[in-house]
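Asks: only the shape, not the letters, is given here:
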């Protein structure tokens, strides 16, 4: 257990109205008391009540540093469950650093990134999933990510995981007790009961796992790549979504030679959009590099927006692009519909269907008629994204979304372990075989809330936190 006292600037290190220096540890109150002077000069912080705020000044020796408000919070009812003091000062960079240096000279050290939250975890105030939710909350990019992080901080994920672990642990304990005391605890008919229980737990695990892909997309945004031949309107479409002239638009084919990246929000859904160079055969060396980048980004995208100019005939470049993006989720934008259309919907459909290995893939291709000039098709485009990825509805409320890759991996391992229990039941294996795989599932779920993790993983997780949190 940590016993030293730590300090850090808890607000952004930039000029602002208010800055906060946070101090936490056994000696936090005594250390700040050494540098604090009340207006009367008589009040001592070591004598005040917990969770009170005090007006005064910070001194470095006999030198006045700043006029401050000091909040004193005594253990265990604090963020870290340790004595904590927060010094609210003026938000200048120099003055914040000066106060930090002053308290450090009087007996504390600089906190490591995320160390305050790490202490909250180590001291049992929050579990690991809630600690990770703190950082997700700070980095929220949209309303969904914010709500999902708040829900996780409230315990939606950890409570669900703990309930599943309790159910698994009960079965482990029952099996072990029956094996140890067969005269008083019978296993007759237990296999049928266990199978029903395992199927129920697996169904709940599967629901959580299935939420992970959508959760990650809603949290981090849908990685979207715009592809098509040169001069079909890709850059104009990007500018329309962004709401300003981010990409150069000319009538000259091949204007976009490198990738342009922008993030936009459409009805609460974040799109991380990459506008690529037009894909075509070219002798221009610079344009070739752009085309190769377009191919690479398209290969790693969650969504492909394929744009074509309906006033121009399809050619071998269109066929090559369709083959390149086959198997992806694709929205085909038939652009420039304000002009005479010479490409039929049937030709477009044929272009993509011939590259499908399974007709179920047809559900991954949507065709929309657009005109970036006339602002046609944007509403349908937004609705199509929601339908393709989220079934048309995006709601957080109290639903549990898994937004962490680490959590998803642990859930999948637990799911597989429960599957092994079913296999053992089907093969009529001895009961102690069930316990082995049940315990494996129990341990996997424990990693989510931090009960089955090593020090190295804990350090890695908190090293990604910002300073002062």
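Replies: Received, thanks. Because the structure is predicted, anything quoted here is derived from the model rather than measured.

Asks: could you check how far residue 380 is from residue 5?
Replies: 59 Å (C-beta to C-beta, to the nearest Å). Where you see a C-beta, it was placed from the backbone N, CA and C, and this is true even at glycine.

Asks: er, residue 318 I mean
Replies: Taking C-beta to C-beta as the measure, residue 318 falls 66 Å from residue 5.

Asks: comparing those two, which residue is more hemmed in?
Replies: A count of neighbours by other C-beta atoms under 10 Å puts residue 5 above the other of residue 318 and residue 5, at 26 against 23.

Asks: and the pLDDT for that one?
Replies: For residue 5, the pLDDT comes out at 96.

Asks: so how many other residues sit close to the residue lying closest to it once chain neighbours are set aside?
Replies: Leaving aside its sequence neighbours, residue 5 sits nearest to residue 25 (C-beta to C-beta, 6 or more residues apart in numbering; 2.9 Å). When neighbours are defined as other C-beta under 10 Å, residue 25 has 25 of them.

Asks: kindly report the same for residue 307.
Replies: 24.

Asks: quick check, it in contact with residue 225.
Replies: No: counting by C-beta atoms under 8 Å, residue 307 does not reach residue 225; the two are 11.1 Å apart.

Asks: contact partners for residue 439?
Replies: By C-beta atoms under 8 Å, 6 or more residues apart in numbering, residue 439 lies in contact with residue 172.

Asks: where's it, which helix or strand?
Replies: helix 431-449 (DSSP states H and E).

Asks: quick one: mean pLDDT over that helix.
Replies: Rounded mean pLDDT across helix 431-449 is 92.

Asks: cool, stretch 82-92 as well?
Replies: With pLDDT averaged residue by residue, stretch 82-92 scores 95.

Asks: for it, buried residues please.
Replies: Residues of stretch 82-92 classed as buried by neighbour count (16 or more other C-beta atoms under 10 Å): 82-91.

Asks: what are the contacting residues of it?
Replies: Residues outside stretch 82-92 that contact it (C-beta under 8 Å, 6+ apart): 10-11, 14-29, 31-32, 45, 58, 66-76, 78, 95-96, 99, 103, 119, 123.

Asks: how far does it sit from the chain's center?
Replies: Stretch 82-92 has its C-alpha centroid displaced from the chain centroid by 29 Å (C-alpha atoms, centre = their mean, to the nearest Å).

Asks: just to revisit the earlier point, so the residue nearest to residue 5 touches residue 32, yeah?
Replies: No: the pair residue 25 / residue 32 is not scored as a contact, 10.9 Å apart, by C-beta under 8 Å.

Asks: among the contacts of stretch 82-92, which are located in strands?
Replies: The members of the contacts of stretch 82-92 that map onto strands under DSSP state E are 16-24, 58, 66-73.

Asks: are any of those buried, and which?
Replies: Among these, the ones that count as buried by 16+ other C-beta under 10 Å are 19-24, 58, 66, 68, 70, 72-73.

Asks: return the residues in contact with residue 115.
Replies: 6, 8, 462.

Asks: got a list of what the first one touches?
Replies: To tie it back to what came earlier, the one meant is residue 6. By C-beta under 8 Å, 6+ apart, the contact list for residue 6 reads 23-25, 108-112, 115-116, 119.

Asks: what's the local residue count around the residue nearest to it when sequence neighbours are not counted?
Replies: Nearest residue to residue 6, sequence neighbours excluded (C-beta to C-beta, 6+ apart): residue 111, at 3.9 Å. For residue 111, the count of nearby residues is 24 (other C-beta under 10 Å).

Asks: same question for residue 222.
Replies: Neighbourhood size, residue 222 [other C-beta under 10 Å]: 20.

Asks: buried residues in stretch 40-57?
Replies: Here stretch 40-57 shows 43, 45, 48, 54, 56-57 as buried, counting by 16+ other C-beta under 10 Å.

Asks: residue 229 - how many residues pack around it?
Replies: Residue 229 has 22 neighbouring residues, counting by other C-beta under 10 Å.

Asks: I figured it hits residue 316, correct?
Replies: No: Residue 229 is beyond contact range of residue 316, at 10.4 Å (criterion: C-beta under 8 Å).

Asks: quick one: the strands in the stretch 351-469 of the chain, in order.
Replies: Using DSSP state E, counting those that start in this stretch, the strands found in the stretch 351-469 of the chain span residues 365-369.

Asks: so where is it shaky, pLDDT-wise?
Replies: 354-363, 391-398 (pLDDT under 70).

Asks: helices along that one, start to end?
Replies: For the stretch 351-469 of the chain, helices defined by DSSP state H, counting those that start in this stretch occupy the ranges 378-390, 405-426, 431-449, 455-463.

Asks: which other helices and strands contact the shortest one?
Replies: Think helix 455-463. Counting contacts by 3 or more C-beta pairs under 8 Å, 6 or more residues apart in numbering; DSSP states H and E, helix 455-463 packs against helix 115-122, helix 128-138.

Asks: nearest to residue 301, of the helices of the stretch 351-469 of the chain?
Replies: With C-beta to C-beta, the closest approach to residue 301 among the helices of the stretch 351-469 of the chain belongs to helix 378-390: 12.7 Å.

Asks: gap between the closest one and the chain center?
Replies: Counting by C-alpha atoms, centre = their mean, helix 378-390 comes out at 22 Å from the chain centroid.

Asks: before we move on, what about stretch 161-171?
Replies: Centroid separation for stretch 161-171 versus its chain: 26 Å, with C-alpha atoms, centre = their mean.
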